[in-house]
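Peer 1: A predicted structure for the sequence below; I have some questions about it.
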Amino acid sequence: MTTSPVNTTPLTWLYAPGDRPHVVAKALASGADVIVVDLEDAVAPDRKEYARTATAELLTEPQPVPVHVRVNALDGPLAAQDLAALGALPGLSGLRLPKVTSAAQVIGIAEATAPAEGGAPPLHALLESALGIEHAHAIATAHPALRGIALGEADLRADLGVREDAGLDWCRSRVVVAARAAALPPPPQSVHLDVRDLAGLAASCAHGRALGFLGRAAIHPRQLPVIERAYLPTEREIEEAETIVKAAMTEQGAQALPDGRFIDAAVVTAAHCTLSLARRR
């Protein structure tokens, strides 16, 4: 196998409710690449303050895996309190911003969370409305602190009135293109809400991979191995990638493999990406 660098882009993002510290502790030991402590949808209104306090206590120390926090709605009073309490804590690896609709929101949060001695924490924007999708590229390029964009499909589905899953494919592709155009990592897929439907999750992941997503958010640890299997290359894909890279090392320029397949620089680049992901096994 080639010595391509290991791909460190997360494949699994596991959500855990901020008002249930024991669930967060289990999530930290689940093997997920990133834990997302949720202060928004997963927390009842009368538990918001406790969720913030418990999360701040957790993040006073660095954690064994990256921990992101999804703050409350940006147009409400709770988001500012979340940012003030959590933005500079040493255990925080990123902030997930819900229902982003404009570049101005990202800029405002980046400026509000930047301490005098350093920059803002890494920000990840969730696009969950038609307006957010329309402004996808502007959001993706709004500020250097913005490190990723992704969809929130439950809210987007409701906003658009979409009944069939295929109705979201244009929005999915729009976000993938916007991320690439902004030189951001490929976005992870949105959550699969039925935690018992592992076959459906696998099929959905295969579709997302075909659209250009990389990895997926999860709401239960049992979903993690399904997501990893879907997004890690198969043995056949690894073998094909190795064949392409070896051929490219011996000859320069476009060429045909013995089986008739044509390869050029773009094909070689894709092969290197495959081998980089394979090294995560």
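Peer 2: That came through fine.
Peer 1: Can you give me the buried ones in stretch 108-123?
Peer 2: Ile109, Ala110, Thr113, Ala114, Ala120, Pro121, Pro122, Leu123 (16 or more other CB atoms under 10 Å). Where C-beta positions appear, they are placed from N, C-alpha and C, glycine not excepted.
Peer 1: Same question for stretch 73-92.
Peer 2: 74, 78-79, 81-83, 85-89, 91-92.
Peer 1: And the helices in the chain, which stretches?
Peer 2: 21-28, 48-58, 77-86, 103-112, 130-134, 136-140, 153-160, 169-181, 198-211, 224-231, 235-250, 265-278 (DSSP state H).
Peer 1: Would you mind saying which of these lies nearest Leu146?
Peer 2: When the helices of the chain are compared by CB to CB, helix 103-112 sits nearest Leu146, at 5.4 Å.
Peer 1: what sits up against the closest one?
Peer 2: Contact with helix 103-112 is made by 74, 80, 83, 87, 95, 97, 100, 119-120, 123, 125, 135, 138-139, 141-146, as judged by CB atoms under 8 Å, 6 or more residues apart in numbering.
Peer 1: try 10 Å
Peer 2: 71, 74-75, 79-80, 83-84, 87, 95, 97, 99-100, 102, 119-121, 123-125, 132, 135, 137-146, 149 (CB atoms under 10 Å, 6 or more residues apart in numbering).
Peer 1: what's the answer for stretch 46-53, then?
Peer 2: With contact meaning CB under 10 Å, 6+ apart, stretch 46-53 is reached by 17-21, 24, 37-40, 42-44, 54, 69, 71-72, 78, 81-82, 84-86.
Peer 1: Distance from that stretch to the middle of the chain?
Peer 2: Stretch 46-53 sits 25 Å away from the centroid of its parent chain (CA atoms, centre = their mean, to the nearest Å).
Peer 1: Please apply the same query to stretch 213-225.
Peer 2: How far stretch 213-225 lies from its chain's middle: 10 Å, per CA atoms, centre = their mean.
Peer 1: Repeat that for stretch 78-88.
Peer 2: For stretch 78-88 - counting by CA atoms, centre = their mean - the centre lies 21 Å from the chain centre.
Peer 1: Using CSV, write out the CA atom coordinates for that stretch.
Peer 2: Provided in CSV are the C-alpha atoms of stretch 78-88 (Å, rounded to 0.1, in the frame of the first residue of the first chain):
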residue,chain,number,x,y,z
LEU,A,78,-30.0,31.4,24.8
ALA,A,79,-27.4,31.3,22.0
ALA,A,80,-25.5,34.3,23.4
GLN,A,81,-25.5,32.7,26.8
ASP,A,82,-24.2,29.4,25.4
LEU,A,83,-21.4,31.2,23.5
ALA,A,84,-20.4,33.3,26.5
ALA,A,85,-20.2,30.2,28.8
LEU,A,86,-18.5,27.8,26.4
GLY,A,87,-16.7,29.6,23.7
ALA,A,88,-13.3,29.8,25.4
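Peer 1: quick one: contacts of that stretch?
Peer 2: Contacts of stretch 78-88 (CB under 10 Å, 6+ apart): 18, 37, 39-40, 43, 45, 48-49, 51-53, 55-56, 58-59, 69-74, 92, 95, 97-98, 105, 109, 112-115, 117-118, 120-121.
Peer 1: doesn't Ile139 make contact with Ser102?
Peer 2: Yes: judged on CB atoms under 10 Å, Ser102 makes contact with Ile139 at a distance of 7.0 Å.
Peer 1: So for those two, which sits in the more crowded spot?
Peer 2: Ile139 (28 against 17; other CB atoms under 10 Å).
Peer 1: list the contacts for that one?
Peer 2: 97, 100-107, 125-127, 132-133, 146, 149, 175, 178, 182.
Peer 1: Which among these count as buried?
Peer 2: Buried, going by 16+ other CB under 10 Å: 97, 100-103, 105-107, 125-127, 132-133, 146, 149, 175, 178, 182, out of these.
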